[in-house]
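J.: structure of the sequence below:
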Amino acid sequence: VISTNPDVLLELGKEELQKVKNDLEMVLSTVQSKNKQLEEDLKREEQWHKEQEQILDSLTGIEEETKIEVQLFPQIRAFQELQNKMSKLRMFKEELSNALGEFLEEHFPLPERAKSAKKKNSSEKPAVELITLNEILEILIDKLMSTPHEPYVTIDDSFWPPYIELLLRYGIALRHPEDPNRLRLEAYH
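T.: Residues are numbered from 1 along each chain as shown. Next up, the predicted model:
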């Protein structure tokens, strides 16, 4: 029931207008905070855009300098780079070979060396000179690199059987499927 009294209607209208005003002020406050946040985001995006343009300009300059260098010295530069890489690879291979040799010499000595300490008075000489584990690995690696299509090495009496078993047991080498006296290095690629 709505009153017909103009004072009551005026009061109701004022209350309704006050509610609408409060709601609009809240909306205005929300919109202003959103605008402020959007302005900050815009500033950050513009800064990021400027940085990206600077990076792009730098990269473009580097690209052009590189193009000029490549046009002037392409073959000489490539050859020098390859020589440097090859030199580094040779040095690294030598270091690895030396480290492997030292490790194998320390941890896997030849059986004669261990026996000679025990049998100082023995004048027996072995029928075949045994080779070290390092030499066995070098033979296997050289064979694999020189003839990858036929990487098998024939095992003779100079290969100490415990070393062969060690290589086979730990998956470093594989026997030939048809000839058990042939051995090859496991392909790790």
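J.: could you check how far T132 is from R44?
T.: Using Cβ to Cβ, to the nearest Å, T132 is found at 66 Å from R44. Where C-beta positions appear, they are placed from N, C-alpha and C, glycine not excepted.
J.: and those two? Which one has more around it.
T.: Neighbours were counted for T132 and for R44 using other Cβ atoms under 10 Å; T132 has more, 17 against 10.
J.: how many neighbours does I155 have?
T.: I155: 18 surrounding residues under other Cβ under 10 Å.
J.: what sits against it?
T.: Neighbour list for I155: I164, N181, R182, L183 [criterion: Cβ atoms under 8 Å, 6 or more residues apart in numbering].
J.: send over stretch 58-73 as PDB, restricted to the C-alpha atoms.
T.: What follows is stretch 58-73, C-alpha atoms only, in PDB (Å, rounded to 0.1, in the frame of the first residue of the first chain):
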ATOM      1  CA  SER A  58      70.100  -4.400 -30.900                       C
ATOM      2  CA  LEU A  59      69.500  -7.800 -32.500                       C
ATOM      3  CA  THR A  60      69.000  -6.200 -35.900                       C
ATOM      4  CA  GLY A  61      72.300  -4.300 -35.500                       C
ATOM      5  CA  ILE A  62      74.100  -7.500 -34.500                       C
ATOM      6  CA  GLU A  63      72.500  -9.400 -37.400                       C
ATOM      7  CA  GLU A  64      73.700  -6.800 -39.900                       C
ATOM      8  CA  GLU A  65      77.200  -6.800 -38.400                       C
ATOM      9  CA  THR A  66      77.200 -10.600 -38.600                       C
ATOM     10  CA  LYS A  67      76.000 -10.600 -42.200                       C
ATOM     11  CA  ILE A  68      78.800  -8.200 -43.100                       C
ATOM     12  CA  GLU A  69      81.400 -10.400 -41.300                       C
ATOM     13  CA  VAL A  70      80.000 -13.500 -42.900                       C
ATOM     14  CA  GLN A  71      80.100 -11.900 -46.300                       C
ATOM     15  CA  LEU A  72      83.700 -10.800 -45.800                       C
ATOM     16  CA  PHE A  73      85.300 -13.900 -44.300                       C
END
